[in-house]
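Asks: pasting the sequence and the predicted model now:
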Amino acid sequence: MIRVLSAIVLCCFVMVDIAPVFAQDQGTIVVAQAQKRRTLFDLLFGEEPAPPPPVQQQQQPRSTAPRTPTAALPPAKPIVTKAEGATRLAVFGDSMAIDLSKALERFYADDPNLVVIDQGVGDSGFVREDFFDWDRAVGEQIAANSFDLAIVMIGVNDRQEIDADGQSYKSLTDPWKAIYQQRLTAFLNQLRAANKPVIWVGLPPMSKSEYSAALAQISAIQRLASFSGGAEFVDIYERFLGEDGKFSAYGPDVNGQSARMRKDDGIHFSTAGSDKLAFYLNQSIRNFYRGGGVSVAVADPLVGTDAGAMVRLPYQGLGQVRLLEVAGAVIPLSRSPNRAGDLVTASGQAAPVPAFTLEQLMTAPKGRVDAFGVGVDPGAVENAAGR
C-alpha cells in the first residue's frame, strides 16, 4: 500500500520534455513554451492558466545607405576686396619683416582701405651691401611711388664685419657704429624727403644672451637714427620678456592666453608672436592711418619767433610729437597755430601791472604775505626815526 501511494505522489510532480522549442519562419524567430504532461495533481485540482503567447523577435534589416554626417566645416570667411585707392603699407626688412607682413595682412584682412605689401628680403641687412643694397632698393620704390606708409624691421643679420672705403671693421666697434648709423640715416633721409611716414620696429630679446646683447646695441643705434631721421621708433624689447626679465619663448597672446611666442631657433616669432606684434604696431599705425589716407599735423609754437633760432632737439618723429602734445602744441588741420608770444597771454591783452612796487615789497612789514618771512619790524623803524 505504501508503494502505491508513493507512486501516486511522484506522478503529481513529474514533468517531462521541458526543453524549449524554437521555430524559424522567414527571418522570424519564435520561442515556444515548454510542453507539460497532465498529472493526477492536475486532475484533482485543475490545470494551471495557459501561458502567455510566445514572444516574437523581429530582425531589423540592415540599412546599406551611408549615414549623413551631423557636423560640417564652418563656412569660408568672405575675402574683403581692397579699395582701388587703399592706403599701401609696405614692410621693409629681413626675415623678421616677412613674418610681420603676414601678421599685418591677417590683422587688416577686413579693412578694405589698407593693403599690406611685403617688401622683406631674407638674410638682408645694412652691413652686406654686396648682398642687398637697401638704400638703393628704397630709392627705387620711392621713385615708383609703390607705397604710402613704411614699416622697417631689420638687424638680425647685422652682427658681422662691415666694409667701407676698402677696409673692414669688426662688429660693434666705434668705426662700425659710425658707418652703420650713416647707412641708416641715408636710408631714412630718402623716406623723409619723399614725405613717407616711417615706423621703425626695434629688435626683441633673443634666446642666446651674447647674441641678444649685440642686437640690443644695434637696436639702440636704430633708435637714434630713427629720432634724427623723423621716424617713429617702436621699442618691443620689454614686451617679449618673461616674468624673470629674461628671454621667454612663451607669453600671453592677444587674447591673454599663454602661447608660444617664438620659434625653435629662439630668434623669429611664431604665428601667435607675430600677431601680438601686429597688435602692438596697430597703435602706432593709427597715428598715421585712420581708415583712409595718411596724414600727421605737428605745430611748432616757436616758428617765426626769436626762440626759434635757439639750439634745441630736432623733431624726432611721433616721439617728439608726444612731447608737444603735453604742451598742447598739436592742433587740428583746420586751425592755424598760435605764435609763441600769444601763448604767454592767451587773451591777447597786456599783462596786468603788479599791485606793489619793488620798493614796497622790500619794505613790507612783518606778517604781510608779501614779506616772505623777512619783513621789516615797524617798531624798530619808528625807534630809528626818533633818534
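Replies: Now that the structure is in, tell me what you want to look at.

Asks: from here on, just use CA atoms for contacts and neighbour counts.
Replies: Fine.

Asks: output the below-cut-off pLDDT ranges for this structure.
Replies: 1-51, 54-66, 70-72, 292-364, 366-387 (pLDDT under 70).

Asks: let's see that with 80 instead.
Replies: The chain contains residues with pLDDT under 80 at 1-78, 290-387.

Asks: can you give me the domain assignment for this protein?
Replies: Under the assignment automatic domain parsing, the domains of the chain span 87-296, 353-387.

Asks: so which of those is the most packed in?
Replies: domain 87-296 (a mean of 18; mean count of other C-alpha atoms under 10 Å).

Asks: and for stretch 155-174, what's in contact with it?
Replies: For stretch 155-174, contacts defined as C-alpha atoms under 8 Å, 6 or more residues apart in numbering pick out 94, 96, 123-128, 175-176, 179, 203, 214-215, 217-219.

Asks: let's go with 6 Å and repeat that
Replies: 125, 127, 176 (C-alpha atoms under 6 Å, 6 or more residues apart in numbering).

Asks: can you give me the end-to-end distance of it?
Replies: For stretch 155-174, the first-to-last residue distance is 18 Å (C-alpha to C-alpha, to the nearest Å).

Asks: how about stretch 133-153?
Replies: 15 Å.

Asks: same question, stretch 67-77
Replies: 28 Å.

Asks: in which helix or strand would I find the closest residue in space to residue 149 that isn't next to it in sequence?
Replies: Once flanking residues are discounted, residue 149 sits nearest to residue 89: 4.9 Å by C-alpha to C-alpha, 6 or more residues apart in numbering. Using DSSP states H and E, residue 89 falls within strand 87-93.

Asks: who are the packing partners of that strand?
Replies: strand 114-120, strand 149-153 (3 or more C-alpha pairs under 6 Å, 6 or more residues apart in numbering; DSSP states H and E).

Asks: next helix or strand past it?
Replies: helix 95-107.

Asks: any chance you could list what contacts that next one?
Replies: Residues contacting helix 95-107 (C-alpha under 6 Å, 6+ apart): 116, 118, 120, 122, 153, 274, 275, 278.

Asks: now that helix against strand 87-93, angle please.
Replies: 150 degrees (axes from the mean of the first three to the mean of the last three C-alpha atoms, to 10 degrees).

Asks: report the buried residues of stretch 67-85.
Replies: Judged by neighbour count (16 or more other C-alpha atoms under 10 Å), stretch 67-85 contains no buried residues.

Asks: which residues touch the residue nearest to residue 149?
Replies: Per C-alpha under 6 Å, 6+ apart, neighbours of residue 89: 116, 117, 149, 150.

Asks: residue contacts, the third one?
Replies: What it means is residue 149. 89, 196, 197.

Asks: follow-up on the earlier one: can I get the helices and strands packed on strand 87-93 in JSON lines with distance to residue 105?
Replies: Shown next, in JSON lines, are the helices and strands packed on strand 87-93 (distance: least, C-alpha to C-alpha, whole Å):
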{"stretch": "strand 114-120", "distance to residue 105": "6"}
{"stretch": "strand 149-153", "distance to residue 105": "13"}
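
Asks: return the set of residues that bridge with the residue nearest to residue 149.
Replies: Legend: beta-bridge partners of residue 89 under DSSP bridges are residue 116, residue 149.

Asks: any idea how far it is from residue 198?
Replies: 10 Å.

Asks: anything in contact with each of those two?
Replies: Common neighbours of residue 89 and residue 198 (C-alpha under 6 Å, 6+ apart) are residue 150.

Asks: mind listing the helices for this protein?
Replies: Using DSSP state H, the helices of the chain run over 2-13, 40-45, 95-107, 134-144, 174-193, 209-228, 271-285, 317-326, 340-344, 358-362, 378-386.

Asks: can you give me the angle the third one makes with strand 114-120?
Replies: For helix 95-107 and strand 114-120, the angle between their directions (the same axes, to 10 degrees) works out to 160 degrees.

Asks: and the angle from helix 95-107 to helix 271-285?
Replies: Using the same axes, to 10 degrees: helix 95-107 against helix 271-285 is 80 degrees.

Asks: on that earlier part again, any chance of CSV for the contacts of stretch 155-174, columns distance to residue 79?
Replies: Formatted as CSV, the contacts of stretch 155-174 follow (distance: C-alpha to C-alpha, whole Å):
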residue, distance to residue 79
125, 34
127, 40
176, 47
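
Asks: of all the residues you listed, which comes closest to residue 270?
Replies: residue 125 (21.2 Å; C-alpha to C-alpha).

Asks: tell me who's in contact with the closest one.
Replies: For residue 125, the contacting residues are 155, 157, 158, by C-alpha under 6 Å, 6+ apart.

Asks: state the distance from the last one to residue 96.
Replies: The reference is to residue 158. Taking C-alpha to C-alpha, one finds residue 158 at 13 Å from residue 96.

Asks: the second one now?
Replies: When distances are taken as C-alpha to C-alpha, residue 157 and residue 96 turn out to be 10 Å apart.

Asks: ok, the first one next?
Replies: Separation of residue 155 from residue 96 (C-alpha to C-alpha): 9 Å.
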